[in-house]
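Asks: sequence first, predicted model second:
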Amino acid sequence: MAAGGSAGERGRRAREQALELARRSREAYAVAARWEAGAEAERVVAASLVSLTAVGWRLLVDRHWPGTRAANIDMILIGPGGVFVIDVKRWREPPAVADDHLTTGGENRDGEVAKLLAMTRTADEQVASLGMSPVALRPLMVFAGHRIDARLGRVRLLGHPDLVHALVAEPKRLTPALVGIVGDHLAQVFPAYDSAALKEDAAAAPAAPVEIEGGALFQTEDVEKAAMESLLHAPIEQWMTFLDPDQVGLARRDWSGPARITGPAGTGKTVVGLHRAAHLAGRSSGRILYVTFVNNLPRVQKNLFARMASTFLDRVEFRSLHGWASAFLAERGAGLTLNPPRADDAFSRAWLTVGRDSALAEIDPSPGYWREEIDHVIKGRGLTSLEEYRTVARHGRRTALQPAHREAAWLLYEEYEMLREARGVGDFNDVLLAALEELRERPADPPYSAVIVDEVQDLTLIGVRLLHALSGDGPNGLLLIGDGQQAVYPGGFRLADAGIAVKGRGAVLRTNYRNAARILEAAMEVVSDDPFDDLDGPNPNGRRAVDLTYHEGEVLRVDAAGAEEHDRRLVEAIRALPERDGGGATALADSVVLCRSRREIEQYHRLFAREGIPVLRLESYDGRPVEAIKLGTYRRAKGLEFKNVFLPHHDHDLSPGLEKGAGAAEGERAELARRQLFVAMTRARDLLWLGSADKIHEPGRTADNTEL
Ligand SMILES: Nc1ncnc2c1ncn2[C@@H]1O[C@H](COP(=O)(O)OP(=O)(O)OP(=O)(O)O)[C@@H](O)[C@H]1O
């Protein structure tokens with residue numbers, strides 16, 4: 001069901017709200033008449049805002065600006081749509097916005113914008129102490145007697161006829177109780193200059209309704225339309241406005257150089273990253289790059305950001321690392337033909353020629369292990385000579401290599417490079433290497449004022465170097481967010497290898513806001529014995545201290561006698577979702593089936609098609625609700641979350657045979673498989689369905705694990 005009830009119900013509520021506002025506007029006009037003896041136009045502005053108090057808003061008028069001797073803030077408006085710091089302007093000539101400047105009658109008025117922004121920053125401090133993010137606080141310039149609806153950076157500019165419906169249309173951020181709490185707090189810290197000037201509640205004023213000269217304060221139909229629009233949007237989630245004190249502190253902190261945020265799964269790292277992007281966008285006019293490894297995540301993050309801080313949407317670029325690097329190279333006219341299948345083919349040939357029968361087979365006879373060695377260790381670290389490779393610490397790779405193995409691996413790498421170049425194609429690492437070279441020769445223009453990297457643990461060293469080259473070491477320039485326990489690619493590095501120093505600029509989040517306790521416990525069980533690497537060193541203990549925010553949840557384990565029964569029970573469980581969700585018809589929208597391989601995905605896609613269950617592949621998912629079950633790989637699910645998560649054959653890669661008596665390389669593979677499963681399990685908020693079958697159809701391993 002769409003947000004806010006049925007269409008008929010929404011329409012009725014929107015109409016009621018508009019009529020109530022129109023009725024109250026007459027009373028408000030009378031109140032404003034006593035407050036503002038000045039011009040008619042100003043009285044109308046005041047009356048428009050006072051009338052909003054009839055539908056849950058609170059108005060503070062003529063407040064003292066703390067920290068100044070005599071300055072005042074015209075008004076502060078607190079309501080369902082957030083908090084607005086208001087400056088009322090009575091200009092003879094209409095306001096105009098062009099090229100990021102405010103003018104009137106050809107005169108520049110940027111100084112007044114700067115003053116309003118400075119006032120807003122004081123209010124930012126105050127709301128932050130309540131755990132409220134500055135994204136919910138907006139500077140608003142209202143123009144008496146003129147029409148305008150524009151933005152200038154963070155500042156919204158509205159003419160009085162556009163005022164009421166623009167505010168009513170704002171998505172819902174604050175509940176009535178929160179309007180009260182925030183209003184009381186702000187009333188205290190911004191004391192009234194002359195409290196007798198205007199009663200905050202127009203209803204309490206003993207004024208008789210009067211007819212307003214020149215007609216109504218606003219068009220009732222416009223307000224009705226705006227109220228409808230607001231009701232159509234789902235209310236903004238709580239974390240988009242309120243954070244815990246640690247999170248607010250991190251989002252607003254001033255860092256003198258590169259910084260780093262870590263924390264176990266679901267502790268709000270991305271939430272902080274998004275709020276920080278908004279905070280930085282509000283403080284400078286530069287562009288901000290928000291980058292992550294997985295391809296579809298930027299779309300999801302962009303949509304979240306659009307809901308929580310639409311004002312800054314055009315200032316923050318959400319990109320995947322490879323997407324950004326490819327576009328950057330294309331922009332510079334640097335020709336590199338990215339062709340992963342042909343690069344794979346070059347690798348297969350190289351393996352057959354110099355790998356398969358070499359010393360490498362003693363360690364691991366499967367080419368996949370060595371492809372990863374090249375992708376993540378040799379090329380991924382930008383090594384250029386065997387000498388370098390001989391001594392490099394292969395963080396995160398558990399298998400020790402003798403000199404003969406390193407020599408053989410290097411030979412394989414050189415053969416691969418030769419064959420790849422002969423084909424005239426590049427792989428994903430080549431894109432990053434070329435972008436880094438290009439950037440070192442000709443820096444980005446204009447440069448980014450900040451680069452925020454999410455899920456940094458999935459990047460190769462070259463990827464991190466590239467982003468560091470983009471951001472530099474300046475204050476608040478680079479923020480690395482991630483969690484080594486969720487690394488789903490082998491081979492790591494230390495920040496020192498990338499030349500990045502974060503000493504004294506690191507923080508750890510510890511409160512899990514996502515998973516129900518049972519789900520987190522089941523996930524932790526999988527990795528509790530595995531040490532993991534976090535960019536600044538090894539972490540010996542897989543079981544980490546996490547505070548939980550309590551909510552109900554369930555882990556459903558299904559042990560089927562065979563693959564057929566397993567799949568039948570999976571389909572049954574998916575069909576039972578609406579009932580579980582109390583008859584809700586949108587259960588599929590917040591549910592996902594995650595698989596270990598692409599082949600398994602194809603298999604389940606066919607099954608769901610046969611069963612008439614609508615499917616949306618994660619490649620096409622952008623975070624907006626669609627009434628279809630999502631389907632994707634564990635890796636593709638990085639950074640996402642769903643109410644219900646189904647993991648068919650979840651334990652297939654964890655069979656004890658794989659760990660016991662097997663070589664170190666297989667042990668390493670099993671550890672990686674456990675970590676990937678951990679990531680998949682921690683995507684679930686309320687329901688985690690874990691399927692296993694005694695005799696299953698072997699879906700096979702994909703040779704290519706790349707998820708780009
Ligand atoms: N302050 C908060 N109040 C309420 N909910 C919150 C808060 N912070 C985060 N959340 C919730 O927790 C969820 C997880 O947050 P987020 O995705 O930022 O975690 P994460 O640490 O990046 O997770 P992961 O590393 O597993 O991807 C969010 O989607 C949000 O619903």
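Replies: Structure received.
Asks: G474: what secondary structure?
Replies: What DSSP: H, G, I helix; E, B strand; the rest coil gives for G474 is coil.
Asks: my guess is it contacts G257. True?
Replies: Yes - counting by CB atoms under 8 Å, G474 does reach G257; the two are 7.2 Å apart. C-betas here are computed from N, CA, C, even on glycine.
Asks: mind listing the strands for the stretch 101-250 of the chain?
Replies: For the stretch 101-250 of the chain, applying DSSP state E, counting those that start in this stretch gives strands covering 101-104, 107-108, 137-143, 149-152, 155-159.
Asks: what about the nearest residue in space to S129 that is not next to it in sequence, how many neighbours?
Replies: With CB to CB, 6 or more residues apart in numbering as the criterion, S129 has its nearest non-adjacent residue at 8.0 Å, and that residue is H185. Residues near H185, counting by other CB atoms under 10 Å, number 16.
Asks: re the thing from before, quick one: which of G474 and G257 has more around it?
Replies: G257 (18 against 14).
Asks: any idea how far the ligand is from the more buried one?
Replies: 23 Å (CB to the nearest ligand atom, to the nearest Å).
Asks: now swap in E9 and tell me
Replies: Distance from E9 to the ligand, by CB to the nearest ligand atom: 27 Å.
Asks: ok, C595 next?
Replies: From C595 to the ligand the distance is 19 Å (CB to the nearest ligand atom).
Asks: and that residue, how many neighbours?
Replies: 25.
Asks: same thing with E579?
Replies: Each residue near E579 was counted by other CB under 10 Å, and the total is 10.
Asks: tell me which element it is part of?
Replies: helix 577-580 (DSSP states H and E).
Asks: flag every buried residue along that helix.
Replies: Buried residues in helix 577-580, counting neighbours by 16 or more other CB atoms under 10 Å, are found at L577.
Asks: helices or strands up against the helix or strand just after it?
Replies: Counting by DSSP H and E, the element after helix 577-580 in chain order, helix or strand, is strand 591-595. Strand 591-595 is packed against helix 563-575, helix 598-611, strand 629-633, strand 642-647, with contacts defined by 3 or more CB pairs under 8 Å, 6 or more residues apart in numbering; DSSP states H and E.
Asks: what's the closest of these to the ligand?
Replies: strand 642-647 (10.4 Å; CB to the nearest ligand atom).
Asks: got the angle for the closest one vs strand 591-595?
Replies: Taking axes from the mean of the first three to the mean of the last three CA atoms, to 10 degrees, one finds strand 642-647 and strand 591-595 inclined to each other by 30 degrees.
Asks: how many other residues sit next to R121?
Replies: 15.
Asks: right, I mislabeled it, should have said P94
Replies: P94 has 14 nearby residues by other CB under 10 Å.
Asks: where does the stretch 51-200 of the chain dip in pLDDT?
Replies: For the stretch 51-200 of the chain, residues meeting the criterion pLDDT under 70 lie at 69-70, 194-200.
Asks: can you name the residue of it nearest the ligand?
Replies: As assessed by CB to the nearest ligand atom, the ligand sits closest to G131 within the stretch 51-200 of the chain, at 7.8 Å.
Asks: show me the domain layout of the protein.
Replies: Split into domains by automatic domain parsing, the chain comes to 7-238, 243-334+444-514, 340-426, 553-695.
Asks: mean pLDDT lowest for which of those?
Replies: Of all the domains of the chain, mean pLDDT reaches its minimum on domain 7-238 (a mean of 79).
Asks: show me which residues of the stretch 501-650 of the chain are close to the ligand?
Replies: With CB under 6 Å from any ligand atom as the criterion, the stretch 501-650 of the chain meets the ligand at residues 513-514, 639, 641.
Asks: highest neighbour count among those residues?
Replies: That'd be G639 among these, by other CB under 10 Å, with 21 neighbours.
Asks: that one touches T292, doesn't it?
Replies: Yes - if you go by CB under 8 Å, G639 and T292 touch, sitting 6.6 Å apart.
Asks: what touches both of the two?
Replies: Shared contacts of G639 and T292, defined by CB atoms under 8 Å, 6 or more residues apart in numbering, comprise 301, 454-455.
Asks: closest one to A409 out of those, please.
Replies: Ranked by distance to A409 (CB to CB), those are led by E455 at 27.3 Å.
Asks: show the contacting residues for that closest one.
Replies: 292-294, 297, 481-482, 486, 638-639.
Asks: any idea what sits nearest the residue minimising distance to the centre of the chain, other than its immediate chain neighbours?
Replies: Nearest to the geometric centre of the chain sits Q301, at 3.6 Å (CA atoms, centre = their mean). Counting by CB to CB, 6+ apart, F318 is the residue found nearest to Q301 once chain neighbours are left out, at 5.2 Å.
Asks: now do the buried residues in the helix or strand harbouring the one you found.
Replies: Per DSSP H and E, F318 falls inside strand 316-320. Neighbour-count burial for strand 316-320, counted by 16+ other CB under 10 Å, picks out 316-320.
Asks: now, which of the residues you listed sits nearest the ligand?
Replies: Nearest to the ligand among these, with distances taken as CB to the nearest ligand atom, is F318, at 14.6 Å.
Asks: so that closest one is in contact with P298, correct?
Replies: Yes - under the criterion of CB under 8 Å, F318 makes contact with P298 at 3.9 Å.
Asks: hey, what's in contact with both of those two?
Replies: 290-291.
Asks: quick one: classify R669 as helix, strand or coil.
Replies: helix.
Asks: remind me what the longest strand seen in the chain packs against, helices and strands.
Replies: Assignment by DSSP state E gives strand 684-695 as the longest strand of the chain. Under the contact definition 3+ CB pairs under 8 Å, 6+ apart, strand 684-695 sits against helix 517-527, strand 554-562, helix 563-575, strand 642-647.
Asks: how near is the residue of the stretch 501-650 of the chain found nearest the ligand to D483?
Replies: Among the residues of the stretch 501-650 of the chain, Y513 lies closest to the ligand, at 3.3 Å counting by CB to the nearest ligand atom. Going from Y513 to D483 by CB to CB, to the nearest Å gives 14 Å.
Asks: show me where the stretch 251-400 of the chain has strands.
Replies: According to DSSP E, counting those that start in this stretch, the strands that the stretch 251-400 of the chain contains are 259-262, 287-292, 316-320.
Asks: now the angle from the last one to strand 287-292?
Replies: Right, strand 316-320. Between strand 316-320 and strand 287-292, the angle comes out at 30 degrees (the same axes, to 10 degrees).
Asks: run through who's touching strand 316-320.
Replies: 277-278, 281, 287-295, 297-299, 301-302, 305, 324, 327, 708.
Asks: rerun at 7 Å
Replies: 277, 281, 287-295, 298, 301-302, 305 (CB atoms under 7 Å, 6 or more residues apart in numbering).
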